[in-house]
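Q: coords please:
(chains A and B)
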2 protein chains.
Amino acid sequence: MTVDHPAIKAKEFSHLFSDEALKRKPSPIKTTMAYFQDPSVVFLGAGMPPGELFPLKTLSMEVPKPPFKNGIADSEETMKATIMRNQDELLFASDVPIARALQYGNSRGQKELLEFLKEHTRRFHRIPYEDWDIITTTGSTQGWDASLRIFCNKGDTVLLEGYTYSSSVEAADAQGLNCIPMPMDDNGIMPAKLEDMLENWGSRYPQIPMPKLLYTIPTGQNPTGCTLSDDRKPYIYHLAQKYDMIIIEDEPYYFLQMDKYTPPEQRSTTSPMNHHQFMNSLCRSFLELDVDGRVVRLDSVSKTFAPGCRFGWLVGSKHLLDNYWNLHEVSIQSTCGFAQTILNGLLNRWGQDGYIDWLIGLRHQYTLKRNCCLDICRQYLPWEICTLPAPVAGMFFMILIDATKHPEFHTTFESNCDLLEQHLYNKCVSAGVLVACGSWFRVPDPVPSPKSATAKSNIVTFRGTYAAVCPEKMKLGIQKFGDTLRREFNLS
Amino acid sequence: MTVDHPAIKAKEFSHLFSDEALKRKPSPIKTTMAYFQDPSVVFLGAGMPPGELFPLKTLSMEVPKPPFKNGIADSEETMKATIMRNQDELLFASDVPIARALQYGNSRGQKELLEFLKEHTRRFHRIPYEDWDIITTTGSTQGWDASLRIFCNKGDTVLLEGYTYSSSVEAADAQGLNCIPMPMDDNGIMPAKLEDMLENWGSRYPQIPMPKLLYTIPTGQNPTGCTLSDDRKPYIYHLAQKYDMIIIEDEPYYFLQMDKYTPPEQRSTTSPMNHHQFMNSLCRSFLELDVDGRVVRLDSVSKTFAPGCRFGWLVGSKHLLDNYWNLHEVSIQSTCGFAQTILNGLLNRWGQDGYIDWLIGLRHQYTLKRNCCLDICRQYLPWEICTLPAPVAGMFFMILIDATKHPEFHTTFESNCDLLEQHLYNKCVSAGVLVACGSWFRVPDPVPSPKSATAKSNIVTFRGTYAAVCPEKMKLGIQKFGDTLRREFNLS
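A: Numbering: from 1, shown residues only, chains lettered A, B, ... in the order given. Got it, this is the predicted structure:
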C-alpha cells in the first residue's frame, strides 16, 4: 500500500504548552544513552540490572489464529507463540526478546511494536503532514492526563462534549481547569452552536479564558453512544484553527463501529465484510484533516484486545509528542514490557492483515451484541415515554425518558430531572437492574443558560451497556428496567 | 510468623494535601461497582469488554526454581508456570486468571498479589500503626510523580539529598516546586545539619516555604552509592515530626544490600546466608519508626526482577494511600494486568520463602559484582588523587577526585570543578569509557553558601555502575578511566 508523504510540516505550538511542559529540559544522563550500544565505549553510565538475572527464560501464549473463520469469540483454531529471553534465541524474527522488553529502555516504546502501529496508522489514516509520530501510553486515561499536564496551567479551559466520560472531567477538574460543555445532539458536537459559543465567549464566560483544548470521543461516544458525523468534522477542525485550539480525539471505540441497526424482521444475514469494505466503512479521523499538526489522537487496545493490557498510543506531530516523551520519562517511564513483548509477538505473528481480520470479527461480535440489546429493548421498553438513539459504534446505549409523563414530576420531584433520575435509579437497583445515571456524565456548565448545552430539560437519561452482557442477562435486565418504568410512570 | 498489630491508628494529614488531591471526589460511577458481583442485580452499568474476546487462552512461562542452589544467574533448574484464562480452569489456586487480570478492575491491584506483597512487607517491616496498606504503582518513578501531585502545590518545597536521582529532581522542578538539597556525607543525610537548616529556615530561605516532603533514597543511594545509617533515622524521623513533613522513602535498592567490602587478600569464602541471617543483615526502614503514619515507602521489582515490569507498590497509611488510588483512577488506572498475573504467578509459586531465597541469591550476585569492580579499581585507579567510598548496597559507586591536583585547575579551569568535570568526561568518552558526571545529580541550592550541602569544593565526582557490567568490560573500562586521569593529571 502506498502512502502519501506530502512535504507539509507540522506547525509549532509551543505557545500552547503548559509551564510544566516548558520547564522540562533534556536530562544530561539521557544524552549518555547515545553511547549505550557503541562498541567502542565501555558503558558504566546507567544503572541497568543485568538481563541474566531477570527470572524468565521464556514466555509462551496460546492465541487465536487468523483468519478467524468461525469468529473471534473463543475461537477454536489457536496457535502458540513463544518469546525467548535473548535476541539470538528468538523463534520469530520481529519478537522483542524478554531481556530487552524488561530492561530500562526507550520511553516511546519498543521499535518493532512502534513499527507495526505506525504501519497500522498509515493504513487507516492519511495524515496530511509529514512529521507525525507515535508514542506509547499506559492507556488513554493516562494519555488524557498527560495531555492536560502538557497543555494546561491551572485556570486554563478545556471543551468537552456536554455528556462525556466522567473520568475525563474529573482529571481536568482536579487539575484546576475550567471544563466547558459543548452543545451536542445525536450526531455529536454541533459545530454552528460551538462557533456561536466561541464567537461570544467573552460575554458568555467573562471570567474564563478561551479554551486551549477541545476533547472529543468522536465514535460511539461514552456515555451517549452517538457518533460524530464525518461531515461535521471539517467545520470543527476549522474552529480549532480559528480559535487556536489543540484537538484531542479519544478513540477507544473506533473499531467498535457496526452496521446500522435494522429491526429483526428487516434484517438479512450478511456475509462478513472484506478488508476493502471494512476500511471504507469506517469514520474519518481528525488526523486526516490535520494540516497544522494540532490533533493528538488517543488510541488504545483496551477495547480491541483487553483493558488490562494498559497499553495505548498517541498519534500526533513529533513536536507535540516530544513533550509526552519528556513527561513519561519522569512519570510512567514506559509502558509495561510484558504488554509490549506480548502484544508485539501477537500482532507481528498475525500481521497487518490478520489484525484487520480480528477487527472485522470484533465488528461482527459487537453488531450482534448491539442488535440483541436493541431487539430486547424494542420488546420490553415502554416506548410511550422513551426514546433510544440506535448506536452505530461503541459499547453504550442511552435511554431518554420524558420526565413530564411521570405523575409526580411537578409535585414530589419539583420538576427536577435529577431528583427523578435518582429516584428511578434507586428503584431499578431494588428491582435488580443497574444502569448508570446520565447526570453522572454531564459536564456542568459554570454559566448555565436555558440554551445551555447540557440542559436537556425534562429528559431523564440512563446509560446501559451491551458489551459484556449475555442475551439472557440482557433480556432479564431490560425487562426489569421496563417493568420499573411502567410501575413508576403508572403505565399499563 | 506473628505480627504486631498494636492499636495505634495513623494520623490525619489532610492539611498537607495538594489542592488537586483535595479536589478529587469519589466518582458516582465507581459506586456502582459494589453491585458488579451481586448475583441479584443485572449489571448494565460499566463498559467492560467481554473476557471471551481477549485474544489469550493461556500464558506460560519458564522460570527459575527455588531454592536456587547454584545461584540465580541463568539458573539451570527451572519450572513451568501456566496461567489460564478463566478462574475455573486455573492450574494453581492463587493465580489471577487472564480474563480477570486483563479486565478493568481495582486500581489498587489484584487481591492475590496484594496479599503476597502485604505478607512480604510484614516479614520485613514491623509497622507501629495498624491501618497501613499497599497500592500498586507502575514503578517508583510514577510513585514519586504521584506523591508530588498529592502533597504539593506549585511553589511548595521538597527536601532531597544533596546528590540524588536526577529524574526525581526534574519531576519536582517541572511541577514548579522548590527543591532544596539536604547536607549528606558517606552515611547519608546529616541530621544535625538538617536540623540546623530547618531551625534557621526563615533566614536561610526567606522566600521559600518550609518543606512538606522529605525525599530520601536511604539504601545504596543513587548516585553516591552511600547508605543512610540506621542510627540517623530516628533523628530524621523526629525532624519530620517536629517540622510536620511527609517522608518519602524510595527504596529500589533495598534488596541489593551486600556484605562489607574486604580486599581480596583478606576475603574468606563465606557460605550463603540463611533466612535468619539475611533478615537481620538488612537496614531498618522509616516505616518501622512511623508512629504517625507520615511515611510513604516506594517499593519496586525493577531491581529485584526487572525494570520493564513497570511494577512497584507503595506502603503507607490507608488515609494517605486513598489519595493515590483516586489519582491512579484518572491517570494510570492500574498497573499492567500482564505484569500482575505473571508476577503473582511467579511469586505465589515460589512462596514467601522462595522469594527470600531469590533475594539472598541477588545479594550474593551483587556482592560479587561490587567486589569485582572495587578489586579492579584498587588496581587501576590513581589513588593519589582519588577516593572511593565502598558501597554496601545498590548499583553505583562514586569516585571523588581532588581537583586541586590537576595542573590547570586554577588556570584553564578557573578553579571551577564543573568545568574540569566536563573536560574529564569528554576525555573519558574519547578514550572509550563512559561514567556519569556527579554534577548531573546535584540538587542546586537556590541560596548557595560556602557551607552548602552540595558545595563539595575542589572535588570532582563521577558515578559508575557495576550492575550490568561483566568483569572483562569492567577491567577495560576502569583501566581506560584510570589511564585518562593519569594522563590529564600528569601522573606517572
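Q: and residue A:415, how far is that from residue A:213?
A: 35 Å (C-beta to C-beta, to the nearest Å). For glycine as for every other residue, the C-beta is placed from the backbone atoms N, C-alpha and C.
Q: brain fart, residue A:388
A: Residue A:388 is 31 Å from residue A:213, by C-beta to C-beta.
Q: what's the answer for residue A:162, then?
A: The value you get for residue A:162 to residue A:213, if C-beta to C-beta is used, is 16 Å.
Q: ok, how many other residues are close to residue A:101?
A: 29 (other C-beta atoms under 10 Å in any protein chain shown).
Q: what's the burial count for residue A:220?
A: 29.
Q: what about it, helix or strand, and which?
A: Assigned by DSSP states H and E, residue A:220 falls within no helix or strand.
Q: excluding its backbone neighbours, what's nearest it?
A: Once flanking residues are discounted, residue A:220 sits nearest to residue A:394: 2.1 Å by C-beta to C-beta, 6 or more residues apart in numbering or on different chains.
Q: mind checking how far the one you found is from residue A:227?
A: 8 Å.
Q: Then residue A:345?
A: Residue A:345 is 33 Å from residue A:227, by C-beta to C-beta.
Q: repeat for residue A:112
A: 33 Å.
Q: The helix or strand of chain A with the lowest mean pLDDT and chain B, are they touching?
A: Scoring the helices and strands of chain A by mean pLDDT, DSSP states H and E places helix A:28-31 at the bottom, with a mean of 80. Yes: using C-beta under 8 Å from any C-beta of the partner chain, helix A:28-31 reaches chain B at A:28-29.
Q: That helix - contacts with which helices or strands?
A: Judged by 3 or more C-beta pairs under 8 Å, 6 or more residues apart in numbering or on different chains; DSSP states H and E, the packing partners of helix A:28-31 are helix B:166-174.
Q: could you give the mean pLDDT of the helix it packs on?
A: For helix B:166-174, mean pLDDT rounds to 96.
Q: Direction included, what does the helix or strand just after it pair up with?
A: Next along the chain after helix B:166-174, taking DSSP H and E as the criterion, comes strand B:178-182. If you go by DSSP bridges, strand B:178-182 pairs up with strand B:157-161 (parallel).
Q: on that earlier part again, identify the contacts common to residue A:394 and residue A:227.
A: Jointly contacting residue A:394 and residue A:227 under the rule C-beta atoms under 8 Å, 6 or more residues apart in numbering or on different chains are A:219-221.
Q: number of nearby residues for residue A:387?
A: 14.
Q: Would you mind measuring from it to chain B?
A: 18 Å (C-beta to the nearest C-beta, to the nearest Å).
Q: swap in residue A:47?
A: 4 Å.
Q: So what does that residue have for phi and psi?
A: phi -80, psi 80 (degrees, to the nearest 10).
Q: Look up how far residue B:461 lies from it.
A: Where residue B:461 is concerned, residue A:47 sits at a distance of 16 Å (C-beta to C-beta).
Q: What of residue A:156?
A: 41 Å.
Q: Who has more neighbours out of the two?
A: residue B:461 (24 against 21).
Q: Check which helix or strand that one maps to.
A: strand B:459-465.
Q: show me where the stretch 51-200 of chain A has helices.
A: A:98-101, A:111-124, A:140-151, A:166-174, A:191-199 (DSSP state H, counting those that start in this stretch).
Q: Could you list every helix and strand that the fourth one packs against?
A: Same thing as helix A:166-174. helix A:140-151, strand A:157-161, strand A:178-182, helix B:19-23, helix B:28-31.
Q: Can I get the ones you listed in a markdown table including mean neighbour count and distance to residue A:103?
A: Formatted as a markdown table, those follow (neighbours: other C-beta atoms under 10 Å in any protein chain shown; distance: least, C-beta to C-beta, whole Å):
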| stretch | mean neighbour count | distance to residue A:103 |
| --- | --- | --- |
| helix A:140-151 | 25 | 22 |
| strand A:157-161 | 26 | 37 |
| strand A:178-182 | 22 | 40 |
| helix B:19-23 | 17 | 33 |
| helix B:28-31 | 16 | 36 |
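Q: could you dump the ones you listed to a markdown table with distance to residue A:37?
A: Below are the helices and strands packed on helix A:166-174 laid out as a markdown table (distance: least, C-beta to C-beta, whole Å):
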| stretch | distance to residue A:37 |
| --- | --- |
| helix A:140-151 | 28 |
| strand A:157-161 | 41 |
| strand A:178-182 | 45 |
| helix B:19-23 | 40 |
| helix B:28-31 | 45 |
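Q: nearest to residue B:424, of those?
A: Between residue B:424 and the helices and strands packed on helix A:166-174, the tightest spacing by C-beta to C-beta is seen for helix A:140-151, at 36.8 Å.
Q: for the record, mean pLDDT for the closest one?
A: 98.
Q: what angle separates it from strand A:157-161?
A: 150 degrees (axes from the mean of the first three to the mean of the last three C-alpha atoms, to 10 degrees).
Q: Would you tell me whether helix A:140-151 gets close to chain B?
A: Yes: using C-beta under 8 Å from any C-beta, we find that helix A:140-151 touches chain B at A:141-142, A:145.
Q: What residues does the stretch 251-400 of chain A have near chain B?
A: So the stretch 251-400 of chain A meets chain B at A:302-303, A:305-311, A:329-340, A:342, A:346, A:358, A:362, A:365, A:395-396 (C-beta under 8 Å from any C-beta).
Q: so of those residues, which ones are in helices?
A: A:329, A:337-340, A:342, A:346, A:358, A:362, A:365 (DSSP state H).
Q: if we can go back for a sec, need the contact list for the residue nearest to residue A:220.
A: By C-beta under 8 Å, 6+ apart, the neighbours of residue A:394 are A:219-222, A:225, A:227, A:253, A:256.
Q: Quick check: of those residues, which has the highest neighbour count?
A: residue A:220 (29 neighbours).
Q: Backbone torsions only: list them for the residue nearest the centre of chain A.
A: Nearest to the mean C-alpha position of chain A, counting by C-alpha atoms, centre = their mean, stands residue A:252 at 2.6 Å. Dihedral angles of residue A:252 (phi, psi; degrees, to the nearest 10) stand at phi -70, psi -30.
Q: Per-residue pLDDT of it, please?
A: 97.
Q: so it makes contact with residue A:300?
A: Yes: between residue A:252 and residue A:300 a contact is recorded at 4.9 Å, counting by C-beta atoms under 8 Å.
Q: so what sits against both of these two?
A: Contacts common to residue A:252 and residue A:300, judged by C-beta under 8 Å, 6+ apart, are residue A:140.
Q: Assign a three-state SS to residue A:421, would you?
A: helix (DSSP: H, G, I helix; E, B strand; the rest coil).
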